[in-house]
Structure formats: C-alpha cells, structure tokens
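# Provided below for reference: sequence and predicted model.
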Amino acid sequence: MFVTRKAEFSASHVCAQPDLTPEQNRAAYGPAANPNGHGHNYVLEVTLEGEPDPATGMIFDLSQLKQIINREVVEPMDHRFLNHEVPPFDRVVPTVENVAAEIWRRIEPAFEGSRARLHNVRLYETEDLYVDYAEDRA
Amino acid sequence: MTRLTRRYKFAASHRLQSERFSAEENRTLYGKCNNPYGHGHDYVLELRVQGPVGGASGQMVNLVALDRLVFDEVLHDFDHRYLNVDIQEFQKLVPTSENILRVIEERLRARWPAEWPKLDSLRLQETARNTFELKAS
C-alpha cells in the first residue's frame, strides 16, 4: 500500500554550469540560466510504501512524516536561494532533477527500521514540469 | 530512476465523423461529437521521458530543445486549428484523442534525437474528465 504526503516550499535558483559561457548556459537552460536567479513555488509529494501495522492501521505516522519533510526539506529550503544557501547546490546545478534526488537522499534514512520505505519523490517545479525520482535498489 | 514530465497545452477543434459509417451510424456512435461544424477543447499534453541525468548538466534532457521540438512538430500545427481540416493526418483519420496521441507520437518519434532519453509515455487530457495515455512504443 502507498501513502503520499504533500508539502510546498518557495525557493530561488540559477541553472548554469560555471565552466560554460553565458551563451552555452542559455542554450542549455533557457531563462533558468539568468544570472541573478528566479524562484518557484515547489510542490513536493513524498510516497511511502508498506503494509499497515495491524494495531494502528497505519503504514507510517503521518505527523512524523510531516515533521521529517519539514526538518529535512522545508526548513532548509523554503525562502532560500538554493545555489547560495543549500548545499550541495553551491557545486551541483539545482535542476528539478537534482533537487528531487537531493530530497530523496535527505529523507530516505528517516524510514530505516520502520514498516515503511520511501517509494517515490515527485517534485513539481511548476505546474508544467515535474520529476519522479526513486533510487535504484538492489 | 528519474522520470521527467513536461506539460503543454493547445486549443483545437475537431469533429468525430468516419467515412466508414453512414450519417445515422456516425450520429449514434459519436453523439454530439458528430455535430456538423465541430467543437473544441483545451487539450493538455503531457510527455514523460525516462533516462539518466547528466552529471555536469543535472539535466535528463535539454528542456529548451524539447520545448522547441514539441512546438515545431505539434503545437505550431495543432494550436488554434480545426484538426479535421488543418492537419494532414486527420483528413483520413478520425481525430479521437486516441488517434491524436498516436499522431503526436509518430511526429515526435520521427524527429526525436537518438541521444535523448527514451520517450516513456504520452498523456492527453481532452477535458478535465477525459484523459488518455499511450505507452510509447
């Protein structure tokens, strides 16, 4: 069974590689490469997979899930400039692909030892662009 | 695994009418979608691609290039058009959403660069209540 929890955060970013020229970055990222940055209202959907506990009837405590997402994602990223304030985006281009993968890495350890495991991270950068990220497991 | 979904919109009109059936049969089969002068929808097209993310670029696909391809091959021709009349493929083919998806897939496939990630699936929302999905071949 799956359970999905949603959260929002607003952040700014620039998508550009330091070793490319402005023209090359513009060709790769379009207006997302504009040097002073721009922002989005990101929408995050975290999906857990597991069997409900027979006693509680729950896969995972949703208030705990909310706390994990707040602690690992919303508090560090909300109203921040990702490139300047949220590692590793001082070195890694904060594309929606990379931000989704980073969110997976930040929250996945929190489910160790529980009945649930992280199934999917969906991150909407805009209504018209989102990624689904799930780390390959053996 | 990373999958990226990009959404586009176009407004177009169509009429469901097949030469294989009589006027009466078309009326019965397609109902008000068979009304003689056509009608329109705000279509929402979603493309999903799947593949590795470039280490340096952080991108699965260059979105500027993807948007350009979709504009050139689909939106430029389809947006604010009467599909039955303005789109060559629908002169012989009924522009149901199923067929629109197939035509869009064929158009994109013909120009899809070999180095791009795999086109995984296409979804077309004809109205908020009707959505169609095609697993790309």
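Now that the structure is in, tell me what you want to look at. Numbering: from 1, shown residues only, chains lettered A, B, ... in the order given.

# For A:Ala11, give me its contacts.
Residues in contact with A:Ala11 (CB atoms under 8 Å, 6 or more residues apart in numbering or on different chains) are A:Gly39, A:His40, A:Tyr42, A:Met77, A:Asp78, A:His79, A:Arg80, A:Phe81, A:Leu82, A:Val86. Glycine gets a C-beta too; all of them are placed from N, C-alpha and C.

# hey, C-alpha coordinates of stretch B:128-137 in CSV?
These are the backbone C-alpha positions of stretch B:128-137, laid out as CSV (Å, rounded to 0.1, in the frame of the first residue of the first chain):
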residue,chain,number,x,y,z
ALA,B,128,-10.9,17.6,-17.1
ARG,B,129,-12.9,14.3,-17.1
ASN,B,130,-11.3,12.5,-20.1
THR,B,131,-7.7,11.6,-20.1
PHE,B,132,-5.9,9.2,-22.5
GLU,B,133,-2.5,7.7,-22.1
LEU,B,134,-0.2,6.0,-24.6
LYS,B,135,2.8,4.0,-23.6
ALA,B,136,5.4,5.0,-26.2
SER,B,137,6.5,2.1,-28.4
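
# is it up against chain A anywhere?
No. If you take CB under 8 Å from any CB of the partner chain as the test, stretch B:128-137 misses chain A, and the best it gets is 14.0 Å.

# The host helix or strand of A:Val3 pairs with which strands, parallel or anti?
Assigned by DSSP states H and E, A:Val3 belongs to strand A:2-13. Partners of strand A:2-13 in the sheet, by DSSP bridges, are strand A:38-49 (antiparallel), strand A:80-81 (parallel).

# correct me, but B:Asn34 touches B:Phe21?
No. B:Asn34 lies out of contact with B:Phe21 (CB atoms under 8 Å); the separation is 9.7 Å.

# how about the residues of chain B near chain A?
Counting by CB under 8 Å from any CB, chain B sits next to chain A at B:1-8, B:53, B:56-60, B:62-64, B:67.

# Restricted to strands, list those.
Secondary structure assignment (DSSP state E) places B:Thr2, B:Arg3, B:Leu4, B:Thr5, B:Arg6, B:Arg7, B:Tyr8 from these within strands.

# Dump these to JSON lines, plus neighbour count and pLDDT.
JSON lines is the format used below for these (neighbours: other CB atoms under 10 Å in any protein chain shown; pLDDT from 0 to 100):
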{"residue": "B:Thr2", "neighbour count": "22", "pLDDT": "95"}
{"residue": "B:Arg3", "neighbour count": "21", "pLDDT": "97"}
{"residue": "B:Leu4", "neighbour count": "26", "pLDDT": "98"}
{"residue": "B:Thr5", "neighbour count": "19", "pLDDT": "98"}
{"residue": "B:Arg6", "neighbour count": "19", "pLDDT": "98"}
{"residue": "B:Arg7", "neighbour count": "16", "pLDDT": "98"}
{"residue": "B:Tyr8", "neighbour count": "19", "pLDDT": "98"}
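
# Count the residues that sit near B:Ala23.
Counted with other CB atoms under 10 Å in any protein chain shown, the neighbours of B:Ala23 add up to 10.

# Show the pLDDT at it.
Looking at B:Ala23, its pLDDT reads 96.

# Repeat that for B:Leu124.
pLDDT recorded at B:Leu124 is 98.

# Under the pLDDT cut-off, which ranges of chain A? List them.
For chain A, residues meeting the criterion pLDDT under 70 lie at A:138.

# for chain B, which spans come out with low pLDDT?
Scanning chain B for pLDDT under 70 picks out no residues.

# still on that earlier bit, name the residue in B:Asn34 and B:Phe21 with the higher neighbour count.
Under the criterion of other CB under 10 Å, the comparison of B:Asn34 against B:Phe21 puts B:Asn34 first, with 19 against 15.

# Residues touching the lengthiest helix in chain B, excluding its own?
Using DSSP state H to define each element, chain B has its longest helix at helix B:97-111. By CB under 8 Å, 6+ apart, the surrounding residues in contact with helix B:97-111 are B:43, B:45, B:47, B:69-70, B:72-74, B:83, B:87, B:89-90, B:93, B:119, B:122, B:124, B:126, B:130, B:132-134, B:136-137.

# For A:Tyr124, give its distance to chain B.
A:Tyr124 sits 9 Å away from chain B, taking CB to the nearest CB, to the nearest Å as the criterion.

# Could you do A:Asn34 as well?
A:Asn34 is 13 Å from chain B, by CB to the nearest CB.
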